[in-house]
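Chemist: Turn this into a structure:
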Amino acid sequence: MEIKIPSKNVYSLKESLEYLSRIGGNHGLTIKDLLDFAYEGKLRTVIFLTGGRDFETSENNCRAKLFTLNNKQLDSVYYIKNESVEVIYDEIEISEVKNPLHHKEVKECEVGNSQLLNVYFQQIVKSNRTMSRYPYEKITLIKSYSERELLDNVEGFSFLGYFKIENSLYYGDREKIIDDGFIIKDFMSLFESIVENGTKLSFKLEPKKEKMIYRYGYPDLKISLDDIFILHDDLAKCFGFFKDNESEPLKEERLKQHLEYEGDLPEKTNADKLAEFIELIINPTLLENGKLPTYSKLYSKLDHTYRGKRSIPAKNTIKKYLNQ
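Modeler: Residues are numbered from 1 along each chain as shown. A predicted model of the protein is given here:
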């Protein structure tokens, strides 16, 4: 009995290559190829972060900070800059809770609500304290990218989710990046999550002391290549394959968009040979500005890519398939 292994939501770089190989779409790709595609903007990469603050403890004056990177403790303390946190959302879950022990009433809010992105925070509704022991967190809520609201009474605050890696972090010699085993993210740069269930989170970091010289007094964030991930949907978008549950019409439409094929198929086209041809060209390295090149250039690229590995159609056959 054949067992079908379902796809995962996210893959490491190595797992991405293994998955592509398993479904027949690897085409000899390497880690360097994935980094090249990421730098060129063809493939989105992400990291998994957790962070926030616990208002009930006095550690570090309750300042919000990053907790983990890929569920690993960080080498340094990275504080989240107050008032820099923005949460874009479509739907929000709210519940009010009384806390007699701490003489206050709070409003609990949650957005995102998935394993890919989740944001939780507590707003003070009523408190018997005349003054908060520690400064409140200030978070900006943005409903559906339009209505803005600044919350200046946030106590508890936490998040987990996947955050985008800028293409520019892969600039330079990708072989050296692989040898080093990591990339560097400037701690002053913006951290932006993926969009999940209409929710997006962004924030900036700040040094331990306000007057510290930023560039020389605070470590940038070192990201191991082992901690870089690719979402299944992004892998599918880059390499032109499909989700397990996509319907056939949707698969056909996605493939058409990926290849940007225009025109009707020529008459007397062998369906099996055409399918083999499509499998050959589902490779971002063959595209020019997101489109297939001329049949002559495509033949040369296919010959260079697959020489000695597998047969390719004749130049005139490719011309026929492309209606050129």
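Chemist: Strands of the stretch 201-324 of the chain, start to end?
Modeler: 205-206, 221-224, 229-231 (DSSP state E, counting those that start in this stretch).
Chemist: Figure out how far the longest one is from the centre of its chain.
Modeler: Between the mean C-alpha location of strand 221-224 and the chain-wide mean there is a distance of 16 Å, by Cα atoms, centre = their mean, to the nearest Å.
Chemist: on that earlier part again, can you add mean neighbour count and mean pLDDT and give the strands of the stretch 201-324 of the chain back as TSV?
Modeler: Placement of C-beta: from N, CA and C, glycine included. Listed next are the strands of the stretch 201-324 of the chain as TSV, based on neighbours: other Cβ atoms under 10 Å; pLDDT from 0 to 100:
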stretch	mean neighbour count	mean pLDDT
strand 205-206	22	88
strand 221-224	17	94
strand 229-231	21	96
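Chemist: Which one, of those strands, ends up nearest to residue 90?
Modeler: Between residue 90 and the strands of the stretch 201-324 of the chain, the shortest gap by Cβ to Cβ is with strand 229-231, which sits at 19.5 Å.
Chemist: how far does that closest one sit from the chain's center?
Modeler: 6 Å.
Chemist: Quick check, central residue of this structure?
Modeler: residue 46 (3.7 Å; Cα atoms, centre = their mean).
Chemist: ok, that one touching residue 232?
Modeler: No. Using Cβ atoms under 8 Å, residue 46 makes no contact with residue 232, being 11.6 Å away.
Chemist: shared neighbours of these two, which are they?
Modeler: residue 10 (Cβ atoms under 8 Å, 6 or more residues apart in numbering).
Chemist: Quick one: closest of the strands of the stretch 201-324 of the chain to residue 89.
Modeler: With Cβ to Cβ as the yardstick, what comes closest out of those is strand 229-231 (19.8 Å).
Chemist: helices and strands around that closest one, which ones?
Modeler: strand 10-12, helix 13-22, strand 46-53 (3 or more Cβ pairs under 8 Å, 6 or more residues apart in numbering; DSSP states H and E).
Chemist: Not counting residues beside it along the chain, what's closest to residue 80?
Modeler: residue 64 (4.1 Å; Cβ to Cβ, 6 or more residues apart in numbering).
Chemist: circling back: right, and the strands of the stretch 201-324 of the chain - which one's nearest residue 193?
Modeler: strand 229-231 (11.8 Å).
Chemist: what residues does the closest one touch?
Modeler: 9-13, 16, 34, 43-48, 70, 116, 162, 194.
Chemist: switch the cut-off to 10 Å
Modeler: With contacts defined as Cβ atoms under 10 Å, 6 or more residues apart in numbering, strand 229-231 is touched by 8-13, 15-16, 19, 34, 37-38, 43-48, 70, 116, 162, 165, 194, 196, 237-238.
Chemist: Among the residues you listed, name the buried ones.
Modeler: Those of these that meet the buried threshold are 10-13, 16, 19, 34, 37-38, 43-48, 116, 162, 165, 194, 196, 237-238, by 16 or more other Cβ atoms under 10 Å.
Chemist: Can you pull out the low-pLDDT segments for the stretch 101-250 of the chain?
Modeler: Residues of the stretch 101-250 of the chain that meet the criterion pLDDT under 70 lie in 101-104, 126-134, 208-217, 241-250.
Chemist: So the residue nearest to the centre of the chain sits against residue 191, correct?
Modeler: No. Between residue 46 and residue 191 there is no contact under Cβ atoms under 10 Å: 11.1 Å.
Chemist: what do the two both touch?
Modeler: The contact lists of residue 46 and residue 191 share 163-164, where a contact means Cβ under 10 Å, 6+ apart.
Chemist: if we can go back for a sec, what about the residue nearest to residue 80, how many residues nearby?
Modeler: Neighbours of residue 64 under the rule other Cβ atoms under 10 Å: 26.
Chemist: and the gap between it and residue 34?
Modeler: 32 Å (Cβ to Cβ, to the nearest Å).
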